[in-house]
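> One predicted model, sequence on top.
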Amino acid sequence: MNLVTVSGPPSTGKTAVILKTIESYKKQNVNVGVIKFDCLYTDDDILYEKAGITVRKGLSGGLCPDHYFVSNIEEAFEWGQKEGFDVLISESAGLCNRCSPYIKDVKAICVIDNLSGINTPKKIGPMLKSADIVVITKGDIVSQAEREVFASRVHTVNPGATVMHVNGLTGQGSFELSTLLYDRSLDTETLKGKELRFSMPSALCSYCLGEKRIGEQYQMGNVRKINLEES
Ligand SMILES: Nc1nc2c(ncn2[C@@H]2O[C@H](COP(=O)(O)OP(=O)(O)OP(=O)(O)O)[C@@H](O)[C@H]2O)c(=O)[nH]1
Ligand SMILES: [Zn+2]
Ligand SMILES: [Zn+2]
């Protein structure tokens, strides 16, 4: 089975792009399943089910969604193998810009949209920086000049990535994407022992542990203070 990890900030078009890409696979009799990771809420599973795609979802609740992803991806992978998928696509919410779910030797796709502002590529962090393919959506609602500036900002942050434009509504570009995601000759047997591309920052502070009170005397562990003297 091939595993493909898709992530990106909320509402950028991940589900739309995945649905269009799976349409291409269906025509080629490639069996695809989806595992969706989110933080508090998602109804993506309903969208996938409506399209006839087998899907499971996991909500991380109080945990960083990427940490939750890593703790659960092996089980999700084994589920996909039992289901007999050729490709398992994970969709995860990029809610934490410090982290990313990408695994070495597992295809990593970041979906961002043209509407998010030209400085967004710099803000996203490892989820964009360490992706193999960056998919840019919503090109239909900005000008050609804006599309070009945005794509060049993406290239600056991740010069090694393949940058693609996909329209999540019409599916334009999704066939090309589908040809890059599935490799028939590649059969990943297990994720055991594989490594993340990026070590998740350890940020154990009082607030990670449930503290609610404001005030220096309540702050322990990994505390960082802003320097307000400098501008
Ligand atoms: N105009 C336009 N709208 C798009 C495009 N791609 C997605 N959308 C719309 O953007 C909205 C969000 O798309 P989703 O596919 O749900 O985004 P997502 O990244 O999966 O969202 P979450 O999983 O909730 O974080 C939907 O209303 C889509 O129809 C695009 O290329 N152009
Ligand atoms: Zn989604
Ligand atoms: Zn995180």
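Arrived safely. Ligands and ions are numbered 1, 2, ... in the order given.

> How about this protein: which residue is closest to ligand 1?
Nearest residue of the chain to ligand 1: Gly168, at 2.2 Å (C-beta to the nearest ligand atom). No exception for glycine: its C-beta is placed from N, CA and C like everyone else's.

> ok so that residue is a strand residue?
No: going by DSSP: H, G, I helix; E, B strand; the rest coil, the assignment for Gly168 is coil, not a strand.

> For it, give me its contacts.
Contacts for Gly168 (C-beta atoms under 8 Å, 6 or more residues apart in numbering) come out as Gly13, Ala16, Val17, Lys20, Thr137, Lys138.

> go on, Asn31?
Applying C-beta under 8 Å, 6+ apart to Asn31 gives the contacts Tyr25, Gly84, Phe85, Asp86, Val87.

> quick one, what contacts the last one?
Taking C-beta under 8 Å, 6+ apart as the definition of contact, the neighbours of Val87 are Met1, Asn2, Leu3, Val4, Tyr25, Val30, Asn31, Val32, Gly33, Leu181, Tyr182.

> Which of those fall in strands?
In strands, defined here by DSSP state E, the members of the contacts of Val87 are Asn2, Leu3, Val4, Val32, Gly33.

> count of neighbours near the last one?
Think Gly33. 22 (other C-beta atoms under 10 Å).

> Kindly report the same for the fourth one.
A count of neighbours around Val32, defined by other C-beta under 10 Å, yields 24.

> How about Gly62?
Residues near Gly62, counting by other C-beta under 10 Å, number 9.

> now it: how far from Lys107?
Separation of Gly62 from Lys107 (C-beta to C-beta, to the nearest Å): 29 Å.

> now swap in Glu49 and tell me
Per C-beta to C-beta, Glu49 is found 24 Å from Lys107.
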